[in-house]
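S.K.: The following block contains a protein sequence and its predicted model.
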Amino acid sequence: MTHRRAVVLMLLVTLLWSTAGVVARQLEAARGFELTFWRSGFNALALTLALRWMRGPQLWAQLRQAPRLVWLSGVCWAVMFTAFMVALSLTSVANVLVTMALGPLLTALLSRVVLRHHLPLRTWLAILVASIGIAWMFVHEMGGQGASAASGLGIAVALGVPIAAAVNWSVLQHVGHGDAAQAPDMLPAVLIGALISALTVLPLAWPLQASPHDLVLLAGLGVFQLALPCLLVVRLSRVLAGPEISLLGQLEVIFGVLWAWLWAAEVPSTAALWGGAMVLSALIVNELLAWHQGLGKPPQEQAQQPSRREV
């Protein structure tokens, strides 16, 4: 897979991820932990069918014998699945997405400190500009809502998403850029995460109150907003470096706020729009510079991109 194709697929992943907030706002009865249970449960069911078809009968043996890195990634997925939906039930879509946008900075720092990856200046500048835009949005959202207790708790819960994502992208990058013959299969980690998430919140979600209308929407989230894009991103981690995945993933902020604005009447502020514009500009400039630098290299070097030591 070429770097350019991987970027396009990552944009599709981000578009699918961004639908969670607006769909959650259309639910009739399901609330709180029940949202997480049904979404993670349908996600686990879809992943089981997909991985059973891809891996055959040995899937369950692979899960039992999975190495520690697969389970670490699974725990990260579980935290991301759970914290995101719980946070959505406590605060606005914009607040959750703004908090999640801390991911690129945390991922870059982990990649630099733990994996010793070199980050080019353009990536650092893009992260800086995106972080300034996110900080602008964050300060405005907190100040505009009077920092209510529920909103503050929702933002605190949402912080678990970028922290877990930073660890997860670093793990996936470490595995994807290592010896392919020795690398563990990381796709089952997504299934492990979905199972942990669903089973953990089930006691807290009981009694279940979702209507048939809610179940249809939550099934769609489990399959198309989680299972499909998460399987794709595991594959893309073999081509895109962790900070680049995390940075491209920030388009979820733009898409998610836009969908909530158009179909859930959550109107973003002017500051949020300006902050989102800064994030989008940083992404576009970073990708254009990467593409331009790739064109300037010999063909044999272009075929090797992206470098294991550089985003």
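M.R.: Yes, it's here.
S.K.: okay, and for the stretch 201-311 of the chain, where does confidence drop off?
M.R.: The stretch 201-311 of the chain contains residues with pLDDT under 70 at 242-243, 269, 271-272, 291, 294-311.
S.K.: Ok, the stretch 1-150 of the chain next?
M.R.: 115, 137-138, 141-150.
S.K.: Helices of that one, start to end?
M.R.: Secondary structure of the stretch 1-150 of the chain (DSSP state H, counting those that start in this stretch): helices at 3-17, 20-24, 33-55, 59-64, 68-88, 93-100, 103-113, 121-144, 149-158.
S.K.: which of the residues in the last one are buried?
M.R.: With burial defined by 16 or more other C-beta atoms under 10 Å, the residues of helix 149-158 counted as buried are 151, 154-155, 157-158. Every residue, glycine included, has its C-beta placed from N, CA and C.
S.K.: cool, the fourth one as well?
M.R.: By neighbour count, and taking 16+ other C-beta under 10 Å as the criterion, the buried residues in helix 59-64 are 59, 62-63.
S.K.: which residues sit against that helix?
M.R.: Helix 59-64 is contacted by residues 48, 51-52, 55, 185, 188, 191-192 when judged by C-beta atoms under 8 Å, 6 or more residues apart in numbering.
S.K.: what do you get for the shortest one?
M.R.: Outside helix 20-24, the residues within contact range by C-beta under 8 Å, 6+ apart are 35, 39, 84-85, 88-89, 93, 96-97, 217, 220-221, 225, 256, 259-260, 262-264.
S.K.: CA atoms only: put that helix into PDB for me.
M.R.: Extracted in PDB, the C-alpha atoms of helix 20-24 (Å, rounded to 0.1, in the frame of the first residue of the first chain):
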ATOM      1  CA  ALA A  20     -20.800   8.600  16.800                       C
ATOM      2  CA  GLY A  21     -21.800  11.900  18.400                       C
ATOM      3  CA  VAL A  22     -24.600  12.800  16.000                       C
ATOM      4  CA  VAL A  23     -26.000   9.300  16.100                       C
ATOM      5  CA  ALA A  24     -25.900   9.200  19.900                       C
END
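S.K.: and residue 207, helix, strand or coil?
M.R.: Residue 207 falls in the coil class when you classify it by DSSP: H, G, I helix; E, B strand; the rest coil.
S.K.: Begin at 32 from now on, thanks
M.R.: Understood, numbering begins at 32; the last thing we discussed is residue 238.
S.K.: quick one: contacts for it?
M.R.: So residue 238 contacts nothing (C-beta under 8 Å, 6+ apart).
S.K.: Return the distance of it relative to residue 45.
M.R.: 35 Å (C-beta to C-beta, to the nearest Å).
S.K.: same check, this time on residue 201
M.R.: Separation of residue 201 from residue 45 (C-beta to C-beta) stands at 19 Å.
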